[in-house]
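A.B. asks: need coordinates for the following:
(2 chains)
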Number of protein chains: 2
Amino acid sequence: MASDNNKNTLGVTIWFTGLPSSGKSTVSRLVHDYLKAQGLKVELLDGDVARQNLTKGLGFSKEDRDENIRRIGFVCNLLSRNGVIAIAAAISPYRAARDAVRQQTNSFIEIYVNAPLDVCKQRDVKGLYKKALAGQLPQFTGVSDPYEEPLNPELVLYTNEETPEESARKVIAYLIQNGNVPATASAILISGRSA
Amino acid sequence: MASDNNKNTLGVTIWFTGLPSSGKSTVSRLVHDYLKAQGLKVELLDGDVARQNLTKGLGFSKEDRDENIRRIGFVCNLLSRNGVIAIAAAISPYRAARDAVRQQTNSFIEIYVNAPLDVCKQRDVKGLYKKALAGQLPQFTGVSDPYEEPLNPELVLYTNEETPEESARKVIAYLIQNGNVPATASAILISGRSA
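C.D. replies: Have a look, this model is predicted:
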């Protein structure tokens, strides 16, 4: 509705899904920071932000997980339909819940953060796999709860073969190619430890 | 961050507070529809939308009401800091909760929808006063739960003396005067049954 200049975007929801410790938060944070530094309107709703501000009190039953995703999706849609790049990073283990967000969102990019379960267990960023494997955490995705892989994600990141910076660059390249962000400074993108 | 044109705004949160049946939803809807018709970026989060999409499961204890307001405020802030006019319409009976939202929001306009309790009881749009007065609804604002009037609202609407259209015009006039929306077409503003 607003006329565009090079700091405006059409708005899009970028949805990172994957197992715990697959790298969703790390990569989405890099993408967010890069876009922000470009002067673009961007918001990141990762699992912790969402739990703190939107979904406190929800548990890990399928019903509660679906409500969690629905709620994050609702906010992403409010933002993206107003020209903001809304980034969500959430396990979002159920395909139907992700697809429902896709349906209600006018521009939706699903990014599957794909790392083998064994790699995620070894990373165990928050020490939760250990607890889950010891039987102390019921309904933990990848251990005692299912994760349904995306069937047709717009992009797959292999975070056991790529550095976080490489993964983030893939996302930015996709967004540029897809017309979601302007193709400025694409060469220097994200510096980092990668080759 | 983005340069402005006449369809962009700096973003603001407009917060309607008042007793049940005071007229919050009606007036905020008129304001929303007017701004939308002007091509501005605007979102309305009224009580029903919020309950459906953000705060399902919350009850009416002080703690739950505060969480409800905090959550709506969080989303309004996400929107307004990205240049959207975010309108909230919620009883929001506790002063401290409203003030907390004001503190966390970079541009906040509190509008007190002021109608005498007896008038609200007579309107009883949803038939809830009747139930509350019959003892069937505990913790109903104005009957069995407190409403703390704003001490320094930016604007007060007297919905027992003004038509909804007159109230909406007062809001728009304030927004223009305050620089939140451009001063275009201010003369024809909102048509309606008023004189």
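A.B. asks: which strands or helices does the helix or strand harbouring residue A:170 pack on?
C.D. replies: Here residue A:170 is covered by helix A:164-177, with elements defined by DSSP states H and E. The elements that helix A:164-177 packs onto, with contact taken as 3 or more CB pairs under 8 Å, 6 or more residues apart in numbering or on different chains; DSSP states H and E, are strand A:12-17, helix A:24-37, strand A:108-114, strand A:155-158. C-beta coordinates here come from the backbone N, C-alpha and C atoms, glycine included.
A.B. asks: any chance you could map the helices in chain A?
C.D. replies: In chain A, the helices defined using DSSP state H lie at A:24-37, A:47-53, A:62-80, A:95-104, A:117-123, A:128-133, A:164-177.
A.B. asks: check contacts around residue A:80.
C.D. replies: Contact criterion CB atoms under 8 Å, 6 or more residues apart in numbering or on different chains gives A:11-13, A:86, A:105-107 as the residues in contact with residue A:80.
A.B. asks: residues touching residue A:88, list them.
C.D. replies: Residue A:88 sits in contact with A:13-16, A:28, A:45-46, A:50, A:72-73, A:76, where contact means CB under 8 Å, 6+ apart.
A.B. asks: one more pass at 6 Å, please.
C.D. replies: Going by CB atoms under 6 Å, 6 or more residues apart in numbering or on different chains, residue A:88 touches A:15, A:45, A:72, A:76.
A.B. asks: if I look at the second one, how far off is residue A:57?
C.D. replies: When distances are taken as CB to CB, to the nearest Å, residue A:45 and residue A:57 turn out to be 17 Å apart.
A.B. asks: same thing with the third one?
C.D. replies: Residue A:72 sits 15 Å away from residue A:57, taking CB to CB as the criterion.
A.B. asks: more neighbours: the two, which one.
C.D. replies: Under the criterion of other CB atoms under 10 Å in any protein chain shown, the comparison of residue A:72 against residue A:57 puts residue A:72 first, with 27 against 11.
A.B. asks: hmm, that one is touching residue A:50, no?
C.D. replies: Yes - in this structure, residue A:72 is within contact of residue A:50 by CB atoms under 6 Å, at 5.2 Å.
A.B. asks: give me the contacts around the worst-scoring helix or strand of chain A on mean pLDDT.
C.D. replies: Here the helix or strand of chain A ranked lowest by mean pLDDT, DSSP states H and E is helix A:47-53, holding a mean of 87. The set of residues that contact helix A:47-53 without belonging to it, under CB under 6 Å, 6+ apart, is A:72, A:90, B:74.
A.B. asks: same thing but 10 Å
C.D. replies: Helix A:47-53 is touched from outside by A:16, A:20, A:24-25, A:43, A:45, A:55-58, A:68-69, A:71-72, A:75, A:88-92, A:126, B:54, B:70-71, B:73-75, B:77-78, with contacts defined as CB atoms under 10 Å, 6 or more residues apart in numbering or on different chains.
A.B. asks: which of the residues you listed count as buried?
C.D. replies: Applying a neighbour-count criterion of 16 or more other CB atoms under 10 Å in any protein chain shown, the buried members of these are A:16, A:20, A:24-25, A:43, A:45, A:55, A:58, A:68-69, A:71-72, A:75, A:88-92, B:54, B:70-71, B:73-75, B:77-78.
A.B. asks: tell me the centre residue of chain A?
C.D. replies: Here the mean C-alpha position of chain A is nearest to the C-alpha of residue A:16 (CA atoms, centre = their mean), at a distance of 2.2 Å.
A.B. asks: now do the contacts for that residue.
C.D. replies: With contacts defined as CB under 10 Å, 6+ apart, the neighbours of residue A:16 are A:22-25, A:27-28, A:31, A:44, A:46-47, A:87-92, A:109-113, A:153, A:155, A:157, A:167, A:171.
A.B. asks: what does residue A:116 give?
C.D. replies: By CB under 10 Å, 6+ apart, the contact list for residue A:116 reads A:19, A:22, A:122, A:158-160.
A.B. asks: kindly indicate which of the residues you listed lies nearest residue B:136.
C.D. replies: When the contacts of residue A:116 are compared for distance to residue B:136, the smallest value, 47.7 Å, is given by residue A:19; criterion: CB to CB.
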